[in-house]
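Participant: model this:
(one chain, ligands or ions: 1)
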Amino acid sequence: MMKFAFVTGANKGIGYEVVRQLAEENYTVFLGARNEELGLKAVESLGKSNVSYVQVDVTDTESIENAKDKILEVTDHLDLLINNAGIALDFGISPTELKIETLREEFNVNFFGTFQMIQTFLPLVKNAQRGKIVNVTTDMASQTMFDNGQAGHLNLLGYNSSKTAANALTLSFGKEFGIDGLEIFSVTPGFTSTDLNGNAPGGKTTAEGAKIIVDYALSENGYNGKVLNNSGIIPW
Ligand SMILES: NC(=O)c1ccc[n+]([C@@H]2O[C@H](COP(=O)([O-])OP(=O)(O)OC[C@H]3O[C@@H](n4cnc5c(N)ncnc54)[C@H](OP(=O)(O)O)[C@@H]3O)[C@@H](O)[C@H]2O)c1
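Facilitator: Below is the predicted model of the structure:
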């Protein structure tokens with residue numbers, strides 16, 4: 001059976017590299033991007049016949065439904081749904097200064113968007129032989145690691161807590177699944193220099209960050225309901 005993957009927020013950064021690496025593993029990949037021009041350009045620059053563009057804004061119900069219809073024209077199953085789209089708007093903003101509108105925007109993409117993507121595409125993931133949903137997270141979303149300093153000291157209330165909430169999706173859906181090989185888990189690529197952090201120096205390359213996600217996505221080990229970094233399961 002042909003293998004299919006859908007990656008959101010893939011016109012650049014880590015998502016773009018995840019698409020490249022999955023395409024090299026012979027997946028037929030739908031490169032998701034909210035902006036059509038950027039999405040088409042990304043597909044063109046990859047230059048791979050097994051990658052095509054699907055418009056998806058994860059905050060827009062109609063866009064998500066249209067993406068599903070477009071994918072259903074090609075396949076009834078998705079082996080991988082990679083919820084990679086994400087935003088961080090509160091670098092340098094303390095919890096005291098954080099505006100509620102900013103917090104809402106971050107939750108809208110990182111939490112509500114991920115939730116709706118999971119619910120909408122679940123039937124296709126269930127149709128795969130061993131479908132997996134991968135939520136891209138950060139170690140700063142781990143309350144334990146943030147508290148004990150293992151996740152650094154960036155106190156981004158909006159970004160961190162919206163990713164914590166998204167990890168709760170992993171736990172809850174994971175408790176519901178646990179059957180027929182269907183899996184959902186979160187993976188953090190670790191600090192990677194991308195537009196998200198203003199291309200801050202000292203991070204991994206996008207190819208290195210993406211490889212961590214792709215390795216888990218392709219693993220046969222079974223990580224349902226877990227949050228993972230490059231060395232294994234991390235605490236909530
Ligand atoms: N970089 C790191 O150090 C790091 C560490 C841990 C986790 N992560 C996570 O890795 C993922 C990828 O981030 P990145 O570092 O590669 O950042 P990036 O280069 O800024 O890429 C983010 C992607 O998400 C897309 N996006 C934003 N809002 C969207 C929406 N409403 N609907 C659909 N797509 C949307 C962006 O599209 P536009 O181009 O249209 O804005 C872009 O394609 C994120 O979930 C991030 O939280 C990153």
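Participant: only C-alpha atoms from now on, for both contacts and neighbour counts.
Facilitator: Noted.
Participant: quick check, central residue of this protein?
Facilitator: The residue lying closest to the centre of the chain (Cα atoms, centre = their mean) is residue 84, at 2.2 Å.
Participant: who's in contact with it?
Facilitator: 7-10, 14-15, 135-136 (Cα atoms under 8 Å, 6 or more residues apart in numbering).
Participant: and stretch 60-70, average pLDDT?
Facilitator: Average pLDDT, stretch 60-70: 98.
Participant: which of the residues in that stretch are buried?
Facilitator: Using 16 or more other Cα atoms under 10 Å as the test for burial, stretch 60-70 gives 63-65, 67-68.
Participant: now those in CSV, with distance to residue 127 and secondary structure?
Facilitator: Below are the buried residues of stretch 60-70 laid out as CSV (distance: Cα to Cα, whole Å; DSSP: H, G, I helix; E, B strand; the rest coil):
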residue, distance to residue 127, secondary structure
63, 22, helix
64, 18, helix
65, 18, helix
67, 17, helix
68, 14, helix
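Participant: identify the farthest-apart pair in the contacts of residue 84.
Facilitator: The largest separation in those, counting by Cα to Cα, is between 10 and 135 at 13.6 Å.
Participant: pull up the residues of the protein that are close to the ligand.
Facilitator: 8-15, 33-35, 56-59, 84-87, 109, 136-138, 188-196 (Cα under 6 Å from any ligand atom).
Participant: where along this structure do the helices fall?
Facilitator: For the chain, the helices defined by DSSP state H occupy 13-24, 36-46, 61-72, 100-107, 114-127, 143-148, 157-176, 206-218.
Participant: give the residue farthest from the middle of the chain.
Facilitator: For the chain, the C-alpha farthest from the mean C-alpha position belongs to residue 96; by Cα atoms, centre = their mean, that distance is 28.4 Å.
Participant: now do stretch 207-221: everything it contacts.
Facilitator: Stretch 207-221 is contacted from outside by 14-15, 17-18, 21-22, 80, 132, 134, 136, 187-192, 229-230, using Cα under 8 Å, 6+ apart.
Participant: do you know how far residue 103 is from residue 59?
Facilitator: Per Cα to Cα, to the nearest Å, residue 103 is found 14 Å from residue 59.
Participant: meant to ask about residue 121, not that
Facilitator: In this view, residue 121 and residue 59 are 15 Å apart by Cα to Cα.
Participant: ok, now residue 84?
Facilitator: When residue 84 is compared with residue 59 (using Cα to Cα), they lie 13 Å apart.
Participant: quick one: residue 186 and residue 141 touch, right?
Facilitator: No: using Cα atoms under 8 Å, residue 186 makes no contact with residue 141, being 10.6 Å away.
Participant: need the residues touching each of these two.
Facilitator: Common neighbours of residue 186 and residue 141 (Cα under 8 Å, 6+ apart) are residue 167.
Participant: so which of those two has more stuff around it?
Facilitator: Taking neighbours as other Cα atoms under 10 Å, residue 186 and residue 141 compare with residue 186 leading, 31 against 25.
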